[in-house]
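Visitor: coords please:
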Amino acid sequence: MPFAVEMRFIQAAETKLGRSLPPAYIAHMCKQNGGEVLAGKDEFTLYPIQDSSDRKRLARTCNDIIRETANAKEWRGFPPSALAIGDNGSGDKLILLPSSSGEKFADAVYCWDHETGQVQLVANSFEELN
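Guide: Numbering: from 1, shown residues only. Just a heads-up that it's a prediction; the model follows:
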């Protein structure tokens, strides 16, 4: 069950990542740290942002975006600069890519296909996802 996350945990994740996250994604995660979204024809379960405010929340967020991205980078063909923010249960990942400046993650959301290695745009902004 998704739950809210405090901004301090999002900022801690951004510090670890070395890039800021898109505002629409942050707004969603602040209200609901996880959950599901529909991207194209697939439903994706969003990875949470680690929340260490208490033991229960830490346990519920142990599969956070940083850990899941590290795991995804071990897969052949996963874009090295991508951030994994969710999966569809079949191996495909919902990802964010760095902006052209590299200082932040761009607003657009993509799907990485684990079989072909292809990256496809699914939304120009996180708020477009249902």
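Visitor: Mind naming the longest helix for this protein?
Guide: helix 7-17 (DSSP state H).
Visitor: downstream neighbour of that helix in the secondary structure list?
Guide: Next helix or strand after helix 7-17 toward the C-terminus (DSSP states H and E): helix 23-31.
Visitor: still on that earlier bit, who are the packing partners of the longest helix of the chain?
Guide: Applying 3 or more Cβ pairs under 8 Å, 6 or more residues apart in numbering; DSSP states H and E, one finds that helix 7-17 contacts helix 23-31, helix 65-72. Quick note: C-beta positions are derived from backbone N, CA and C, even for glycine.
Visitor: mean confidence for that helix?
Guide: The average pLDDT for helix 7-17 rounds to 95.
Visitor: and it with helix 65-72, angle?
Guide: 30 degrees (axes from the mean of the first three to the mean of the last three Cα atoms, to 10 degrees).
Visitor: Can you show me the strands along the chain?
Guide: With DSSP state E applied, the chain shows strands at 36-39, 42-46, 83-87, 93-96, 109-112, 119-123, listed in chain order.
Visitor: mind putting those in JSON lines, mean neighbour count and distance to residue 103 included?
Guide: As requested, those are exported to JSON lines (neighbours: other Cβ atoms under 10 Å; distance: least, Cβ to Cβ, whole Å):
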{"stretch": "strand 36-39", "mean neighbour count": "17", "distance to residue 103": "25"}
{"stretch": "strand 42-46", "mean neighbour count": "18", "distance to residue 103": "23"}
{"stretch": "strand 83-87", "mean neighbour count": "24", "distance to residue 103": "14"}
{"stretch": "strand 93-96", "mean neighbour count": "25", "distance to residue 103": "13"}
{"stretch": "strand 109-112", "mean neighbour count": "23", "distance to residue 103": "18"}
{"stretch": "strand 119-123", "mean neighbour count": "16", "distance to residue 103": "20"}
